[in-house]
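Enquirer: Okay, structure incoming, though there's no sequence with it:
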């Protein structure tokens, strides 16, 4: 008989706050499958916290859950916009919080699931997002084309070393955004003490999944092979013409777009797997800094049962 544990959205809440459960961790660790089993047991609906699964048509490369799985457990924030829309973190914050409120109103438990650390923090913490300017951004993009992302990254290291330490030197989109904020506000992009407080407006319970480095690397390799065999290259070319700058940064999609015509699939797979392993290490570093997360070894037996017990226990 399946293990079930009813958790009302507010029955365990502190001070009337909405009870929100979350399952986070690096890519390929096994969050999606485990989350469905947990959600069925605690009467939850899943809110995806993945910065790329929001885009329609980007299915294979983001390892989006199948239709039958969505029928088992409702999933929110999948396929919410076209790949040409440059979805901001602030927009995502609003969509996710709306989904949480709706799930709670219906007496069910919101279960956040994903590995996008920035988007997770945006949803569960009181983070504010600085202004934008299309004019300033366009000027910075032009400069990036002329001098390269590395040169702009050097400027960011000088102006805001804290922000620079949180991003890769070749992530032009994030570098431009940080410089845009500095120019518009005269303040460092990292100048927001809410990032250091870890204070949520929800009654929050967060579980993190992890595996040994070798095991995670093997699972990443298997996933990449499955994606390529399932038609990832064709999918990328099908949506490429309509992809926003943000969507083009998605793992797998970026490597396919940058590959020379006729690239050996094995070489392409190695490139994607290598980039994914680097990304997984950054995900772990991000989440390990959050003191609210209780970690579980995804390779140990009885994982679902242990997670159900964890989410049913009182928060805070």
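Expert: That came in fine, so what should we check first? Given the structure is predicted, the values throughout are model-derived calculations rather than measurements. Residues are numbered from 1 along each chain as shown.

Enquirer: remind me which residues of this structure are low pLDDT?
Expert: Low-confidence segments of the chain (pLDDT under 70): 1-15, 192-195, 315-316.

Enquirer: so how far is residue 185 from the residue minimising distance to the centre of the chain?
Expert: In the chain, the centroid-proximal residue (C-alpha atoms, centre = their mean) is residue 116; its distance is 1.9 Å. Separation of residue 116 from residue 185 (C-beta to C-beta, to the nearest Å) stands at 25 Å. Heads up, the C-betas are built off the backbone N, CA and C, glycines and all.

Enquirer: for the stretch 51-200 of the chain, what spans make up the helices?
Expert: 67-72, 89-105, 117-124, 134-147, 149-159, 161-165, 172-185 (DSSP state H, counting those that start in this stretch).

Enquirer: just to revisit the earlier point, got a list of what the residue nearest to the centre of the chain touches?
Expert: Counting by C-beta atoms under 8 Å, 6 or more residues apart in numbering, residue 116 touches 49, 50, 51.

Enquirer: in its sheet, what does the host helix or strand of residue 47 sit against?
Expert: If you go by DSSP states H and E, residue 47 is part of strand 44-48. Applying DSSP bridges, strand 44-48 is found paired with strand 75-76 (parallel), strand 109-114 (parallel).

Enquirer: Which residues does the shortest one contact?
Expert: In other words, strand 75-76. 45, 46, 47, 48, 65, 69, 96, 99, 103.

Enquirer: Repeat that for the longest one.
Expert: Strand 109-114 is contacted from outside by 7-9, 18-24, 31-32, 35, 38-39, 42-50, 53, 96, 99-100, 103-104, 120, 123-124, 311, using C-beta under 8 Å, 6+ apart.

Enquirer: is it true that residue 251 touches residue 275?
Expert: Yes - at 6.0 Å, residue 251 and residue 275 qualify as touching, with contact defined as C-beta atoms under 8 Å.

Enquirer: These two - which one has more neighbours?
Expert: residue 251 (21 against 16; other C-beta atoms under 10 Å).

Enquirer: Am I right that the more buried one falls within a helix?
Expert: No - assigned with DSSP: H, G, I helix; E, B strand; the rest coil, residue 251 falls outside any helix and is coil.

Enquirer: quick revisit: separate out the buried members of the contacts of strand 75-76.
Expert: By neighbour count, with 16 or more other C-beta atoms under 10 Å, those hold 45, 46, 47, 48, 65, 96, 99, 103 as buried.

Enquirer: and of the residues you listed, the nearest to residue 257?
Expert: Nearest to residue 257 among the buried ones among the contacts of strand 75-76 is residue 48, at 23.4 Å by C-beta to C-beta.

Enquirer: Residue 19 bridge partners, please.
Expert: residue 203.

Enquirer: how is this protein carved up into domains?
Expert: Following the assignment in automatic domain parsing, the chain carries domains at 19-127+204-312, 134-191.

Enquirer: TSV for these, including distance to residue 197?
Expert: Output for those, formatted as TSV (distance: least, C-beta to C-beta, whole Å):
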stretch	distance to residue 197
domain 19-127+204-312	7
domain 134-191	14
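
Enquirer: just those: most buried one?
Expert: Of all the domains of the chain, domain 19-127+204-312 carries the top mean neighbour count, a mean of 18, counting by mean count of other C-beta atoms under 10 Å.

Enquirer: Pull the distance from that one to the chain's centre.
Expert: 6 Å (C-alpha atoms, centre = their mean, to the nearest Å).

Enquirer: what's the first-to-last distance across that domain?
Expert: This stretch, domain 19-127+204-312, spans 10 Å end to end (C-alpha to C-alpha, to the nearest Å).

Enquirer: one step back: can you add distance to residue 170 and give the strands paired with strand 44-48 back as a markdown table?
Expert: A markdown table is the format used below for these (distance: least, C-beta to C-beta, whole Å):
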| stretch | distance to residue 170 |
| --- | --- |
| strand 75-76 | 32 |
| strand 109-114 | 23 |
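
Enquirer: Out of these, flag the one nearest residue 298.
Expert: Counting by C-beta to C-beta, residue 298 lies closest to strand 109-114 out of these; the figure is 13.3 Å.

Enquirer: what angle separates the closest one from helix 89-105?
Expert: 150 degrees (axes from the mean of the first three to the mean of the last three C-alpha atoms, to 10 degrees).

Enquirer: now the angle between helix 117-124 and strand 109-114, please.
Expert: 160 degrees.

Enquirer: quick one on the thing from earlier: any chance of the helices of the stretch 51-200 of the chain in TSV, with distance to residue 265 too?
Expert: Supplementary listing: the helices of the stretch 51-200 of the chain in TSV, determined by distance: least, C-beta to C-beta, whole Å:
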stretch	distance to residue 265
helix 67-72	27
helix 89-105	33
helix 117-124	31
helix 134-147	31
helix 149-159	28
helix 161-165	35
helix 172-185	27
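
Enquirer: mind checking which of the ones you listed is nearest residue 285?
Expert: Closest to residue 285 of these is helix 117-124 (C-beta to C-beta; 8.8 Å).
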